[in-house]
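Chemist: Sequence first, predicted model second:
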Amino acid sequence: MKLLAQEDGTWHAWYEGKDGNYRLSSLQTTDRALAEKIASVLNAELGSAQSIVSSPPIDAVFREWLREKQAEIASPTIGFYRQATTDFLTFLGPRRAIEISTVCHNDIINYRNEIAQKVGAKTVNHRLKTLRMAFDFAVRQGYARENPLKFVKGLKIDSSQMRRPFTMDEIRGLLAVADPEWQSIIMFGLYTGQRLGDLARLRWRDVDIERGIVSLVTRKTQRALQIPIATPLLEHLRVWKEIKRPIDRLVWPRPLDRPVHPRAYETVERCSGRVTNLSHQFIHLLAKIGLRENKPHHIVVADGRNGRRQRSEVSFHCFRHTAVTLLKEAGVPQAVVMELIGHESSLVSQKYTHVGDKALKKAVAELPNVDGTPAALKTEAA
């Protein structure tokens, strides 16, 4: 017999009845200790022969897993998890009511191959990662013996669609065509490596110019960061702080409450926290210097609402790649880079690292000549 908490918090018992059919019965309590006592009495009444443990339906386990995760992660991430599990249940159709222990390797492979026709490889891999966590939960709870995603591999990501860092010439080009507020956001993106939404929500209380620290809590991971302000950004901030719009004094009478980037802040607030409109504004800037076509952030490459979307290699997120690459090429230790940028693991940090031409040329210069003389000395002698 298994105990399951439903969406309203009441506990239910999942068991095999005397007639051989499986049942999910409400224990009419939200107290787990009391639910366990009731289940124990019910189990004794059924008898050991009739109380063989079975596994609950897939959708019930997914709901239980999502409730557990809700207290651990930010709302945008839980929204993605909910969408990913719902998508898998939709794929199963009527089979969504089957026991979770009966889902097999082939079910996952068929699901992966079907959605690969509709969405990009990165999205497919994210959904598989979500399902892997959900089924790991099922194994821990004893609902399934093995995770059906154990030997399922993700799709290969097309390198032409992977994001890359900006070059310094590209950044100078962006600054040349941007208005003052976007120039400030670009400076923040380059020198902090933070996401567009988090930078748009910054208030002056988060920026301590005297101490040279930017404090923020990332919306995606809820991680609190204390980021030292680089000298170029600090010089910019001293000027930018003195630029005020008349409306700012009316909307935010207290100076520390005022957003660092008022128009960006208002745009995000008006869109309930989404940064789509800001992303489109940045795309217009990229288009002005020839880095993007003036099209939506995602370009649909198939017909219909489920058309697969092609991701461009350049967007505001590339500033995270730029910041990580510049820090690592400057010899900053990986642990420090991870703390500054807010990466949760070295594997994630590694994905954001791109080796530039300067570092490659420096590495090649270290190779020795065939006569044993270091290449650098040979060059000087010549």
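Modeler: Received, thanks.
Chemist: Please make it C-alpha for all contacts and neighbour counts, starting now.
Modeler: Fine.
Chemist: low-scoring pLDDT stretches of this structure, where are they?
Modeler: For the chain, applying pLDDT under 70 flags the ranges 1-2, 4-7, 14-24, 46-54, 158-162, 295-312, 343-382.
Chemist: can you rerun that using 50?
Modeler: For the chain, the stretches flagged by pLDDT under 50 are 49-53, 297-309, 364, 377-382.
Chemist: Tell me who's in contact with D257.
Modeler: By Cα atoms under 8 Å, 6 or more residues apart in numbering, the residues touching D257 are 203-205.
Chemist: One more pass at 6 Å, please.
Modeler: By Cα atoms under 6 Å, 6 or more residues apart in numbering, D257 lies in contact with R203.
Chemist: how much space is there between it and Q226?
Modeler: In this view, D257 and Q226 are 19 Å apart by Cα to Cα, to the nearest Å.
Chemist: Please apply the same query to N125.
Modeler: The gap separating N125 from Q226 is 31 Å, by Cα to Cα.
Chemist: ok, now N43?
Modeler: Separation of N43 from Q226 (Cα to Cα): 54 Å.
Chemist: ditto for W182
Modeler: Distance of W182 to Q226, given as Cα to Cα: 23 Å.
Chemist: Now do the strands in the stretch 151-300 of the chain.
Modeler: Secondary structure of the stretch 151-300 of the chain (DSSP state E, counting those that start in this stretch): strands at 207-208, 213-217, 224-228, 298-300.
Chemist: Redo the ones you listed as JSON lines? Include mean neighbour count.
Modeler: As requested, the strands of the stretch 151-300 of the chain are exported to JSON lines (neighbours: other Cα atoms under 10 Å):
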{"stretch": "strand 207-208", "mean neighbour count": "18"}
{"stretch": "strand 213-217", "mean neighbour count": "18"}
{"stretch": "strand 224-228", "mean neighbour count": "17"}
{"stretch": "strand 298-300", "mean neighbour count": "13"}
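Chemist: Tell me which of the ones you listed sits nearest to I243.
Modeler: I243 sits nearest to strand 207-208 of all the strands of the stretch 151-300 of the chain, at 15.3 Å, using Cα to Cα.
Chemist: and that closest one, which strands flank it?
Modeler: Counting by DSSP bridges, the strands paired with strand 207-208 are strand 213-217 (antiparallel).
Chemist: report the angle between the axes of the partner strand and strand 224-228?
Modeler: Interaxial angle, strand 213-217 versus strand 224-228 (axes from the mean of the first three to the mean of the last three Cα atoms, to 10 degrees): 160 degrees.
Chemist: Can you list the neighbours in contact with strand 213-217?
Modeler: 206-207, 223-229.
Chemist: okay, these in CSV with distance to T167 next?
Modeler: Output for these, formatted as CSV (distance: Cα to Cα, whole Å):
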residue, distance to T167
D206, 29
V207, 27
R223, 28
A224, 29
L225, 26
Q226, 26
I227, 23
P228, 23
I229, 21
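Chemist: Just give me the closest of those to A144.
Modeler: Proximity of the contacts of strand 213-217 to A144 (Cα to Cα) peaks at R223, which lies at 32.7 Å.
Chemist: R249 versus the closest residue to that closest one other than its chain neighbours, what's the distance?
Modeler: Take R223 and drop its neighbours on the chain: the residue closest to it by Cα to Cα, 6 or more residues apart in numbering is V217, 5.2 Å away. Counting by Cα to Cα, the separation of V217 from R249 is 25 Å.
Chemist: per-domain residue ranges of the chain.
Modeler: As assigned by automatic domain parsing, the chain contains the domains 2-50, 58-157, 168-351.
Chemist: Going by neighbour count, which residues in stretch 98-108 are buried?
Modeler: Across stretch 98-108, burial judged by 16 or more other Cα atoms under 10 Å covers 99-101, 103, 108.
Chemist: what does stretch 143-160 contact?
Modeler: With Cα under 6 Å, 6+ apart as the test, stretch 143-160 has contacts from 55, 101, 104-105, 121, 125, 132, 135, 138-139.
Chemist: Would you point out the most distant pair within these?
Modeler: S55 and A121 (31.7 Å).
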